[in-house]
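**Q** predicted structure and sequence below. I'll ask about it afterward.
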Amino acid sequence: MNYFNYFTEIEDTFVRRRGKSLLLSPMDWALIESWKEMGIPLHVALRGIEQAFDSYESKPRKRSVKTLFYCQEEVEAQFAEWLEAQLGANDNGDSADAGPEIEEADARLPFPRQSILEHMARARSTLLQIGKDRKRRDAFFDTLRRTAARLEELEKDFSHARRPDAEKLESDLTSLEKSLDDAVLESLSPEELSSARSETEEQLKPYRNRMEPATYQQTFENLLFKRLRERHGLPRLSLFYL
């Protein structure tokens, strides 16, 4: 992840979660610069931003989030936790005296560490292949490339972690899936989207009157995105699909 991408990924995530177009201020850019100088990995910074907005949305305030500084405390807290999880791991992802501790940490994972790494590697390979087969380089192509790059970073991080955290990884993967879903929607023509929505409505038609409105809407969105992912050959990233 190069210098330029570090800044743009953070800016894109902040703007997306804020829900309104907003140019970052010089102070915001200085904050991102400080995070990079501190050595905060991109995926940790993004996780902190996502968590900060999740917290904000769980208890809506009258005042909106106007600056990246709102996320500073959570980003740096996530970084401290990341450093603790990495403690004792060398460049090869292990240490001479950490064997029992690593084995104990791995035993608490929902799946073997190697299986999780292979799951991410397969997904990354699929995304790169879809990008390679795509005839034009557009916003969707760019999202595929960026998602594959972030998956590679997550793979390395999870591989080297002395105390890997599957819950945090799942949060990161869910965020990446959401970015892919948004990119698919934006890549569709109005006709393509209308067709996909009509097909989904037809599929749910026998069940609509039996569902509460909120349940129906959530089911509709789930099936719509499932249909769109399958059409584009997109892999599921969540560990639930391992």
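**A** Great, that's in hand.

**Q** run the chain-centre distance for the lowest-mean-pLDDT helix or strand in the chain.
**A** Across the helices and strands of the chain, mean pLDDT, DSSP states H and E gives its lowest value to helix 99-107, namely a mean of 76. Helix 99-107 sits 26 Å away from the centroid of its parent chain (CA atoms, centre = their mean, to the nearest Å).

**Q** what are the contacting residues of the host helix or strand of residue 45?
**A** Assigned by DSSP states H and E, residue 45 belongs to helix 42-58. With CB atoms under 8 Å, 6 or more residues apart in numbering as the test, helix 42-58 has contacts from 1, 5-6, 9-10, 13-14, 17-18, 32, 35, 65, 68, 70-71, 73-79, 82, 150, 153-154, 157, 168, 171-172, 175. Just so you know, the C-beta spots here come from the backbone N, C-alpha and C atoms, and that holds for glycine as well.

**Q** buried stuff in the next helix or strand after it?
**A** Using DSSP H and E, the next helix or strand after helix 42-58 towards the C-terminus is helix 72-86. Neighbour-count burial for helix 72-86 flags 72, 74-76, 78-79, 81-82, 85-86 (criterion: 16 or more other CB atoms under 10 Å).

**Q** phi, psi of residue 129?
**A** For residue 129, the backbone dihedrals are phi -70, psi -40 (criterion: degrees, to the nearest 10).

**Q** that one and residue 22, how far apart?
**A** Distance of residue 129 to residue 22, given as CB to CB, to the nearest Å: 35 Å.

**Q** so these two - more neighbours on which side?
**A** Neighbour count, other CB atoms under 10 Å: between residue 129 and residue 22, residue 22 has more, with 16 against 13.

**Q** name the element the more buried one belongs to?
**A** Following DSSP H and E, there is no helix or strand that holds residue 22.

**Q** for the closest residue to it other than its chain neighbours, grab phi and psi.
**A** Spatially, and ignoring its direct neighbours in sequence, residue 22 is nearest to residue 15 (6.0 Å; CB to CB, 6 or more residues apart in numbering). When read as degrees, to the nearest 10, the backbone of residue 15 gives phi -60, psi -40.
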